[in-house]
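*Asks:* the following comprises the amino acid sequence and a computationally predicted model.
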Amino acid sequence: MRKSIMSQSGTGSSLPSAASWLSLEKLAHIELSSEDPDHPFEHALRTDTAQGWMASTPGPQIIRLCFDKAQPLRRVRLQFREERVERSQEIALFATLHGSKKELVRQQWMFSPRGATDEVEDYVFDLEGVTAIELQIDPGRHDKAVFATLEAIQIE
């Protein structure tokens, strides 16, 4: 897994087989605004763990996957989990195509330990020539002391 810490300055109905998801570890360089050493980004790429990625600093975070060569983008599946703290999260997903950054989706979700602890977003696209995917996570829209997490990410 190649990664670096950055400076601070449609839904689908069925999941494809594991073989159809892109091998992000092999196809992309990952840039992160921060990373908890006990919850590295690699955990969000594995289906055999429930640990996921976690930021090392509170507040908004960025995860950018920079592809070694342009890729078609058909689907992005994101999974988040929060079992301890009630919080309102906002995510925004961007794609870089032909040198321009394009917002694909923006979504808000309210986590509650008393019920809504899991969020799964499964988006379908038909894009060619994607050179980067960027996920912006604001884990606590009204509480900047909250840490961002990402249980899993899969891209097809």
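*Replies:* Alright, I've got the coordinates. Residues are numbered from 1 along each chain as shown.

*Asks:* so how many other residues sit close to residue 144?
*Replies:* 11 (other CB atoms under 10 Å). Every residue, glycine included, has its C-beta placed from N, CA and C.

*Asks:* the closest residue to it other than its chain neighbours and residue 90, how far apart?
*Replies:* The spatially closest residue to residue 144, leaving aside those adjacent along the chain, is residue 59, at 4.7 Å (CB to CB, 6 or more residues apart in numbering). Distance of residue 59 to residue 90, computed by CB to CB, to the nearest Å: 12 Å.

*Asks:* how about the residue in the chain sticking out farthest from the centre, secondary structure?
*Replies:* Of all residues in the chain, residue 114 sits farthest from the chain's C-alpha centroid, using CA atoms, centre = their mean; the distance is 24.2 Å. Following DSSP: H, G, I helix; E, B strand; the rest coil, residue 114 is assigned to coil.

*Asks:* hang on, the earlier thing: secondary structure element for the residue nearest to residue 144?
*Replies:* Assigned by DSSP states H and E, residue 59 belongs to no helix or strand.

*Asks:* tell me the contacts of it?
*Replies:* Contacts for residue 59 (CB atoms under 8 Å, 6 or more residues apart in numbering) come out as 138-140, 144-146, 148.

*Asks:* burial measure for residue 36, as a count.
*Replies:* Applying other CB under 10 Å, I find that residue 36 has 16 neighbouring residues.

*Asks:* show me what contacts it?
*Replies:* 53-56, 147.

*Asks:* how about residue 126: what's its closest non-neighbour residue?
*Replies:* Nearest to residue 126 is residue 74, by CB to CB, 6+ apart, at 6.9 Å.

*Asks:* sorry, wrong one. I was asking about residue 146.
*Replies:* residue 140 (3.2 Å).

*Asks:* can you map out the strands along this structure?
*Replies:* In the chain, the strands defined using DSSP state E lie at 2-5, 28-32, 53-54, 61-81, 87-97, 100-111, 118-138, 149-150, 152-155.
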